[in-house]
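Novice: only geometry, no sequence info:
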DNA sequence: AATGAAACGTACATGAG
DNA sequence: CTCATGTACGTTTCATT
């Protein structure tokens, strides 16, 4: 195959076409779908009739779209949003962890999954290997959880205490 | 007031009573409430009858409890859980930011709130001042968002790319 | 606080155009 | 996708314990 003329030769700092939005979209998700999703994120208990009104569509049409979005996994499910502090989880933190022994199989996420104080677990490209979001009742409780994390997954931890959450859409 | 006898004198490493759960609990949330919350987190569209069955309670009893939890703000609301990748947000990152000019009023969270790529914003006790969770379509898009964050809030940024999310309860 | 029943409203499913 | 129909069900209210 012939090489396409380089749109910016190596070493130049000339950027390529305008950014726009990356649109990999395996299958089509149109504007109506996006509207329905927005509404359902705003109110997970919205009825089909609610949605139909917002979308200026019939209930049936909305129904099939929502079912399709659910089937495709675009909509994963529905959940109640709970105030952690109301449940006594007064302290939240990001906990970045690094395996101590790189020669051993790294199954930290699996080992930690059962711990109820761990809300999420991401593997990351950065100084550490994983970042956890942890919610506990008190500093004492955090200490205990950190000990358990270290012992369970054989990792170092670096914690960043959350002082205030401004928004979490 | 007389000083209470020190339960562990300064300098000792003797811990105090067992950890248990910190229970600040302004008002009572009993086990049934917790069950209802758990069920509603698992399925935000669960009906009162569903919940009544799980709790072995009457529909009316469940109704008043759920309404109370909502009114108190324990249950903040209901939302659909959406797969970010299905919506073309293929890249997520933690972005830690630090104000460049400490003498200026720090209103970074307010300034950034309008940006749709920013999913959450926490102020933290750590090396940086805030940690954002950002979702974008591509590395190019991330670059653009980072520029906008820096320009809008007059901050430095340090990004940690999320490679994979194992769980996010 | 919880129960049970009664009444109401409507959300949802289905099939035709 | 719209429209129309019928059933089922979720919710609300209230009297009672």
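Specialist: Sure thing, it's come through. Every value quoted in this text rests on a predicted model; they were computed, and no experiment measured them.

Novice: list phi and psi for the residue nearest to residue A:32 when sequence neighbours are not counted.
Specialist: In space, and not counting its chain neighbours, residue A:32 is closest to residue A:55: 5.6 Å by C-beta to C-beta, 6 or more residues apart in numbering or on different chains. No exception for glycine: its C-beta is placed from N, CA and C like everyone else's. In terms of degrees, to the nearest 10, the main-chain angles of residue A:55 are phi -90, psi 0.

Novice: for residue A:55, give its distance to DNA strand C.
Specialist: Between residue A:55 and DNA strand C the distance, using C-beta to the nearest atom of the strand, to the nearest Å, works out to 13 Å.

Novice: and that residue, what pLDDT?
Specialist: On pLDDT, residue A:55 comes in at 94.

Novice: quick check, it in contact with residue A:62.
Specialist: Yes - with contact defined as C-beta atoms under 8 Å, residue A:55 reaches residue A:62; the gap is 6.0 Å.

Novice: looks like residue A:157 contacts residue A:93 (just checking).
Specialist: No - counting by C-beta under 8 Å, residue A:93 is not a contact partner of residue A:157; they are 9.7 Å apart.

Novice: so between the two, which is more surrounded?
Specialist: residue A:93 (24 against 18; other C-beta atoms under 10 Å in any protein chain shown).

Novice: which strands border the longest strand anywhere in chain A, and is each parallel or antiparallel?
Specialist: Looking across chain A with DSSP state E, the single longest strand is strand A:155-168. Taking DSSP bridges as the criterion, strand A:155-168 pairs within the sheet with strand A:91-99 (antiparallel), strand B:118-125 (antiparallel).

Novice: could I get the buried residue list for that strand?
Specialist: Neighbour-count burial for strand A:155-168, with 16 or more other C-beta atoms under 10 Å in any protein chain shown as criterion, is recorded at A:155, A:157, A:159, A:160, A:161, A:162, A:165.

Novice: hmm, back to that, check the strands paired with strand A:155-168 for me and report the most buried one.
Specialist: Of all the strands paired with strand A:155-168, strand A:91-99 carries the top mean neighbour count, a mean of 21, counting by mean count of other C-beta atoms under 10 Å in any protein chain shown.

Novice: what helices or strands is the helix or strand where residue A:150 lies leaning on?
Specialist: Using DSSP states H and E, residue A:150 falls within helix A:139-153. When contacts are defined as 3 or more C-beta pairs under 8 Å, 6 or more residues apart in numbering or on different chains; DSSP states H and E, helix A:139-153 packs onto strand A:91-99, helix A:108-112, strand A:130-136, strand A:155-168.

Novice: go again with 6 Å.
Specialist: helix A:108-112, strand A:155-168 (3 or more C-beta pairs under 6 Å, 6 or more residues apart in numbering or on different chains; DSSP states H and E).

Novice: tell me the residues of chain A that contact DNA strand C?
Specialist: In this structure, chain A approaches DNA strand C at residues A:47, A:48, A:49, A:59, A:60, A:63, judged by C-beta under 7 Å from any atom of the strand.

Novice: picking up where we left off before, just how off-centre is the helix holding residue A:150 within its chain?
Specialist: In this view, helix A:139-153 has its centroid 23 Å away from the chain centroid, taken as C-alpha atoms, centre = their mean, to the nearest Å.

Novice: again, but for stretch A:120-130
Specialist: Centroid separation for stretch A:120-130 versus its chain: 13 Å, with C-alpha atoms, centre = their mean.

Novice: tell me how far the ends of it are from each other?
Specialist: By C-alpha to C-alpha, to the nearest Å, the extent of stretch A:120-130 from end to end equals 10 Å.

Novice: which of the residues of chain A next to DNA strand C sits closest to chain B?
Specialist: For these, the residue nearest chain B by C-beta to the nearest C-beta is residue A:47; the value is 10.2 Å.

Novice: contacting residues around residue A:46?
Specialist: Residues in contact with residue A:46 (C-beta atoms under 6 Å, 6 or more residues apart in numbering or on different chains) are A:39, A:40.

Novice: that's a strand at it, yeah?
Specialist: No - for residue A:46, which was evaluated using DSSP: H, G, I helix; E, B strand; the rest coil, the result is coil, with no strand membership.

Novice: need the phi and psi values for it.
Specialist: phi -60, psi 140.
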